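In: 3D model of this:
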Amino acid sequence: IHPKMKISSIFTATLAGFIAPTSADRLRGSKMSERELQNSFECTVKLLHGMSPPGEDEMAPMYVCEEAQKDDITYELVGDVESFFEGEDVVSGMVNINVPYSAVGQDYQINFDEDTTEQISVSYDGRRKLTRSTGNIEMLVVRVSDDNSNDPARKVSQTETRMYWDVFGDENNLRKVYKNCSGGQLSIKPAQGSGVTKGVITVTPRANVCNVSYLVIANEARQQIDKLGISRTNIMFVMPKCLKWGGGAAWGDVNGPHTYFPTQNASFPMTQVHEFGHNLGFRHSAKNGSSYGDDTCYMGNKVPWTDEGAKMCFNAAKLWYLGWFSDLHYTSKPENYAFSSSLIGINESNNRKFLVNDEKTIIRFESEGNNRNLTPPLFMVYNHKIGANKQVVGDKNKVVITEQSGMGGQSEWKAALGVGQTYRKTGWGENKDKVLVIQNCGSHSASWSTPKRLAKVDVIAYVEGQTYASCSEEDDGTDDHFDDGMNDDNGWGGSTPVCTDYPGFYDYYGKDYDCAWYAQATYLCENYGSGPKNHKGHTANEACCTCGGGTLSIVESIEENSIDEAIEKGSYALQSDGCKNAEGWHDSNGEKFNCDWYAQDSDRCDIMGLFFENFGMTAQEACCACKK
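Out: Prediction:
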């Protein structure tokens, strides 16, 4: 094959067949001899995305190559890399190269020039293993810091305890966003092992750490921790500000296990969630010409760069590919049949799925004979401002439409529809000669009274001149039955109540059958939720929010204040089961962190309740809410 021949045809054929790696014939240069192969190594090419500070333009991604099998080293690809890959969009995690050690220069760089490109072979692995978006992620936070140095430039400002709180423990962070947005389907847990304290380990760098590439220092740190045999799936590197950061405020490899943060940006949910999103395989979320512009999605860059960040999630395209609501996905081909249905937001999908009838959470619109190079699919979601998404920055309580080609493509915000508003997508269809029409017909507010009712919005879609749908006369967005979802009282003074499971509930059949068990599937409530009653006289339908029971209270009405104040005001209701907290107990962090504080969020019991022993007890021993 000619050295300048495009590789797209080979690439496409290999992917279509999902075949095993093939590197017997090189796609660049001539064959390697067996001896040459013994003096070379194989690594996987990945894209490394750098995050720009707020208000700055997107950075071009770097090409890196990860040698996971031997030394767990990340090499930077420099030189004429784009020409080598003929301008192809390298799909992260599927392209392997075999590199002679002689081509590796200083600072773990592989230089692509006329000489080295003749020595590098390329192969494709159709068995690409995506970073999973459900289950457990073991996150190891690596502080690369010389804590004994007198030079603050060589240090990470956050202590191990602070990093634990900022990543796993406080009110909003990497763990909380993914847990809440996924409805508990993705759990990011602290890694454990030798030298690790609550998911965090400190590694002392070389003496001349400043002005050295962050990738070099991370490689050296990784070689140190590899000797300890620590179990982890992902690594978050937190390193001194004085390293060479390549102009980036943070970095993450696409479909890889690593994220990299200078100390000053490591504690922000915005950077943590965004860079881990790259690990999951995502690129950015654009809007109005800005690749970071989508203010409904953490893969944009519109969340405040603060320790609090914002409690919000992702746009429709990203949520579709994450698959957290796959049972409420729907693919529509409006050229064949007009679309008419109701959408519910992710909070209703997570917490009140038992009420779902025909409602959907995410809609994917495809063209008949869809060619994704001509008419990429559209994705639609109801951007409901509540629960995990209650602090979403943009387009609150609107139907938001985004466009994205494949999981690894950049998404593009297209429209946000209020009640009665219409979006017209021209150039639709295989021949790009049709117009797709999408309209928001109106929204229904939730009801917690009988009959219970989901918060939802009604939407239609059709192709002009080919199919047709309309909002009915009484449901055209002007009737009192429809509103913006913000004005209904429903007996709660215009606020949305928070549902709390009866603490410690399990059903007649034993402790394994608690509210979390019932939340696994809607039919569990329907089939078993009515009884028999447990030892306290309760059924799941009475005790569990997911089954329509639990205790309702108003917390969001005092959202500007802390939940501590809500408890003091009596607006955060919890049931008592006769258990008594250890009198006067609080954990080793101070009086604020008492049993009432732990009772506000089960995450605190599950993760923090294991640590911070005080008065001879941890929270799991002292607090009723945390006792197993």
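In: residues contacting the residue lying closest to Phe325 once chain neighbours are set aside?
Out: Of all residues not flanking Phe325 in the chain, Thr361 sits nearest, at 4.3 Å (CB to CB, 6 or more residues apart in numbering). Heads up, the C-betas are built off the backbone N, CA and C, glycines and all. Taking CB atoms under 8 Å, 6 or more residues apart in numbering, we find Thr361 in contact with Leu319, Phe325, Leu328, His329, Leu343, Ile344, Gly345, Ile346, Ser349, Val381, Tyr382.
In: Pull out the buried residues from these.
Out: Leu319, Phe325, Leu328, Leu343, Ile344, Gly345, Ile346, Ser349, Val381, Tyr382 (16 or more other CB atoms under 10 Å).
In: Narrow the residues you listed to those in strands?
Out: Of these, the ones assigned to strands by DSSP state E are Leu343, Val381, Tyr382.
In: of all those, which comes closest to Gln404?
Out: Of all these, Val381 has the smallest distance to Gln404: 12.4 Å, by CB to CB.
In: Could you report the pLDDT at that closest one?
Out: In this prediction, Val381 carries a pLDDT score of 97.
In: isn't it right next to Lys318, touching?
Out: No: look at Val381 against Lys318 with CB atoms under 8 Å: they stay out of range, at 9.7 Å.
In: show me what contacts Asn211?
Out: By CB under 8 Å, 6+ apart, the contact list for Asn211 reads Cys242, Leu243, Lys244.
In: Of the residues you listed, which is the nearest to Ala218?
Out: Closest to Ala218, out of all of the contacts of Asn211 and judged by CB to CB, is Leu243, at 9.2 Å.
In: Who are the contact partners of the residue nearest to that closest one when sequence neighbours are not counted?
Out: Leaving aside its chain neighbours, Leu243 sits nearest to Tyr214 (4.6 Å; criterion: CB to CB, 6+ apart). With contact set as CB under 8 Å, 6+ apart, Tyr214 has these partners: Phe237, Met239, Leu243, Lys244, Trp245, Gly246, Trp251, Tyr260, Pro262.
In: For Tyr214, what are phi and psi?
Out: phi -60, psi -30 (degrees, to the nearest 10).
In: what's the answer for the one 10 residues further on, then?
Out: According to degrees, to the nearest 10, the main-chain angles of Gln224 amount to phi -70, psi -50.
In: what about the closest residue to it other than its chain neighbours, distance to Pro304?
Out: Spatial nearest neighbour of Gln224, excluding adjacent residues (CB to CB, 6+ apart): Val203 at 5.2 Å. Distance, Val203 to Pro304, using CB to CB, to the nearest Å: 30 Å.
In: Comparing the two, which shows the higher neighbour count?
Out: Shown here are Val203 and Pro304; by other CB atoms under 10 Å, Val203 has more neighbours (21 against 14).
In: isn't the more buried one right next to Gln223, touching?
Out: No: using CB under 8 Å as the test, Val203 is too far from Gln223 to be in contact (9.7 Å).
In: what do the two both touch?
Out: By CB under 8 Å, 6+ apart, Val203 and Gln223 have no common neighbours.
In: got the buried residues for the helix or strand containing Ser83?
Out: Assessed by DSSP states H and E, Ser83 sits inside helix 81-84. Using 16+ other CB under 10 Å as the test for burial, helix 81-84 gives Val81, Phe84.
In: For it, which outside residues touch it?
Out: By CB under 8 Å, 6+ apart, helix 81-84 touches Arg28, Tyr63, Phe112, Thr117, Ile120.
In: Try it again at 6 Å.
Out: The contact list for helix 81-84 (CB atoms under 6 Å, 6 or more residues apart in numbering) reads Tyr63, Phe112, Thr117.
In: for stretch 149-157, same thing?
Out: Stretch 149-157 has contacts (CB under 6 Å, 6+ apart) with Arg143, Ser145, Asp146, Val209, Cys210, Val238, Pro240, Cys242, Thr263.
In: measure it end to end?
Out: Chord length of stretch 149-157, first to last residue, is 12 Å (CA to CA, to the nearest Å).
In: How far off centre is it?
Out: Put simply, stretch 149-157 sits 32 Å off its chain's centre (CA atoms, centre = their mean, to the nearest Å).
In: And the strands in the stretch 151-300 of the chain?
Out: Under the criterion DSSP state E, counting those that start in this stretch, the stretch 151-300 of the chain contains strands at 186-190, 200-203, 234-239, 250-253, 258-262, 285-286.
In: Tell me which of these approaches Ser443 most closely.
Out: Nearest of the strands of the stretch 151-300 of the chain (CB to CB): strand 285-286, 24.0 Å.
In: In the sheet, which strands lie alongside the closest one, parallel or antiparallel?
Out: For strand 285-286, the paired strands and their directions (DSSP bridges) read strand 411-417 (parallel).
In: which residues are contacting the strand it pairs with?
Out: The contact list for strand 411-417 (CB under 6 Å, 6+ apart) reads 285-287, 294, 315, 317, 395, 398-404, 423, 440.
In: of these, closest to Glu58?
Out: Glu58 has its nearest neighbour among those in Ala286, at 8.7 Å by CB to CB.
In: and the gap between that closest one and Asn383?
Out: 17 Å.
In: higher neighbour count, those two?
Out: Asn383 (26 against 22).
In: For that one, list the residues it contacts.
Out: Asn383 makes contact with Thr296, Asp395, Lys398, Val400 under the criterion CB under 6 Å, 6+ apart.
In: returning to that earlier point: tabulate the contacts of Tyr214 (JSON lines), appending neighbour count.
Out: Output for these, formatted as JSON lines (neighbours: other CB atoms under 10 Å):
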{"residue": "Phe237", "neighbour count": "25"}
{"residue": "Met239", "neighbour count": "25"}
{"residue": "Leu243", "neighbour count": "24"}
{"residue": "Lys244", "neighbour count": "14"}
{"residue": "Trp245", "neighbour count": "19"}
{"residue": "Gly246", "neighbour count": "15"}
{"residue": "Trp251", "neighbour count": "27"}
{"residue": "Tyr260", "neighbour count": "28"}
{"residue": "Pro262", "neighbour count": "21"}
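In: Out of those residues, which one has the weakest pLDDT?
Out: By pLDDT, Gly246 ranks lowest within the contacts of Tyr214, coming in at 91.
In: Please, which helix or strand holds the closest residue to that one other than its chain neighbours?
Out: Ranked by CB to CB, 6+ apart and with sequence neighbours excluded, the top spatial neighbour of Gly246 is Gly50, at 6.2 Å. Using DSSP H and E, Gly50 sits in strand 40-51.
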